[in-house]
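# for reference, the sequence and a predicted model appear below.
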Amino acid sequence: MQRPIKLRDRSASDHKGTFGRVLLVGGSRGMAGSISLSSVAALHTGSGLVAAAVPDPILETVAGFHAALMTIALPEKNGSFSSEAWTSLNELIARQDAIGVGPGMTTNNGSVAIVEGLLRQRETPVVFDADALNVISKQQWFDDDTLARKQDDASFVLTPHPGELSRLTGVPTSEGDGQLDAAKQLSDRLGITIVVKGGPTRVTGRGSLDEPVQTYVNTTGNPAMATAGCGDVLTGVITSLLGQGLSGWDAARLGVWIHGRAGDVAASAISSAGMTAEHLVETLAIVADEMSD
Ligand SMILES: NC(=O)C1=CN([C@@H]2O[C@H](COP(=O)(O)OP(=O)(O)OC[C@H]3O[C@@H](n4cnc5c(N)ncnc54)[C@H](O)[C@@H]3O)[C@@H](O)[C@H]2O)[C@@H](O)CC1
Ligand SMILES: Nc1ncnc2c1ncn2[C@@H]1O[C@H](COP(=O)(O)OP(=O)(O)O)[C@@H](O)[C@H]1O
Ligand SMILES: [Mg+2]
């Protein structure tokens, strides 16, 4: 149950600006819940300001999930981001302490432009999940070292489940150890942190670029979390921690730990079969101080 690292306690002089402004980008008509879960998770992990940038037709639905959440409508086509969405989003990037992208986004042209834009910028930390990873796989953007990070670039964290990791690396889901090795190589080559989700979740990365790649094995979490949306919650958690100033390696390790801890508490309070991602994200708010206590 040992935490990998500790967040500092909140002090009397802290204000919402202290805890970071983060943006979650994703969703589409039919998958409004995914990016809503990520956004509420960021609020419940302690972010000071959270906004969701979503295709225009789902803005009201996403806004309805939480009164503290801000929403930004981006240009859309058929309920997903249109090719013009990146131009609007690009103007917002510099103001963010961290961005999470991908849940429920689809892999259409609008998503391709957004993911390319976020991969090429070097100032803002980003979590890439779900359809953002599927876009990267389809476009084969990680096949060479063009997108490798330098020491002073903002952190990138990838959060693939085994299916997404298989698309990224070509190693099938049946080869768990081979998937972890492929993730380590990718992490090493590109200077990024990779969360290999599962039971247990493992994180590959390094504290700084002059250290060797390490693997952290998470000690929390359980099969009650094998239910739709629990990964979307993790995206919001890690984005929140990046926005609170943690490195990719620290945000990913502490993020998977508190996410699994919330899953363990929720499974005991609800039931293993009946727990949903909504129970998980509510429980996250209750256990969040365990990151600093
Ligand atoms: N409420 C919502 O709006 C939700 C939307 N979602 C979105 O739905 C889209 C599709 O994502 P999905 O992840 O469902 O679909 P994917 O096709 O990416 O992944 C499902 C497949 O991946 C493999 N896989 C996943 N986890 C595995 C494991 N632990 N071991 C072995 N194989 C595994 C399996 O082959 C499985 O059929 C994404 O945009 C996602 O963000 C999901 O996040 C679920 C909730
Ligand atoms: N058997 C399990 N043990 C521990 N954690 C699990 C288990 N099954 C799923 N999880 C966790 O639930 C999350 C599922 O993520 P993902 O597959 O992306 O879900 P979704 O896309 O539906 O939100 C991951 O964080 C994963 O570690
Ligand atoms: Mg997912």
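Nice, thanks for sending it over. Ligands and ions are numbered 1, 2, ... in the order given.
# got the residues of the stretch 101-250 of the chain near ligand 3?
A130, G231 (CB under 5 Å from the ion). (Each C-beta comes from the backbone N, C-alpha and C, glycine too.)
# please repeat the previous calculation with a cut-off of 8 Å.
P103, D129, A130, T159, H161, E164, K197, G231, D232, T235 (CB under 8 Å from the ion).
# so which of these are in strands?
Among those, no member falls in strands (DSSP state E).
# ranges for the helices of the stretch 51-200 of the chain?
59-63, 85-93, 109-120, 130-139, 162-169, 176-190 (DSSP state H, counting those that start in this stretch).
# by proximity to ligand 1, which residue of the protein wins?
The minimum distance from the chain to ligand 1, using CB to the nearest ligand atom, falls at G163 (2.1 Å).
# what residues are up against K184?
Residues counted as contacts of K184 (CB atoms under 8 Å, 6 or more residues apart in numbering) are I194, T204, V213, T215.
# okay, the helices of the stretch 51-200 of the chain in TSV with mean pLDDT next?
Supplementary listing: these in TSV, determined by pLDDT from 0 to 100:
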stretch	mean pLDDT
helix 59-63	98
helix 85-93	97
helix 109-120	98
helix 130-139	98
helix 162-169	98
helix 176-190	97
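# run the angle between the helix or strand where H259 lies and helix 176-190 for me.
Following DSSP states H and E, one finds H259 within helix 248-269. Using axes from the mean of the first three to the mean of the last three CA atoms, to 10 degrees, the direction of helix 248-269 lies 150 degrees away from that of helix 176-190.
# helices or strands next to helix 248-269 in the packing?
The contact analysis (3 or more CB pairs under 8 Å, 6 or more residues apart in numbering; DSSP states H and E) places helix 248-269 against strand 156-158, strand 193-196, strand 202-205, helix 230-243, helix 277-287.
# report the closest residue of the stretch 51-200 of the chain relative to ligand 2.
G199 (2.6 Å).
# return the per-residue confidence for that residue.
Looking at G199, its pLDDT stands at 95.
# any idea how far it is from A267?
For G199, the distance to A267 (CB to CB, to the nearest Å) stands at 12 Å.
# joint contacts of these two?
Jointly contacting G199 and A267 under the rule CB under 8 Å, 6+ apart are N222.
# between those two, who's got more neighbours?
More neighbours surround A267 than the other of G199 and A267, with 21 against 11 (other CB atoms under 10 Å).
# any residue of stretch 182-190 touching ligand 2?
No. Stretch 182-190 stays clear of ligand 2 (CB under 6 Å from any ligand atom), getting no nearer than 13.8 Å.
# any residue of that stretch touching ligand 1?
No. Using CB under 6 Å from any ligand atom, stretch 182-190 stays clear of ligand 1, with a minimum separation of 13.8 Å.
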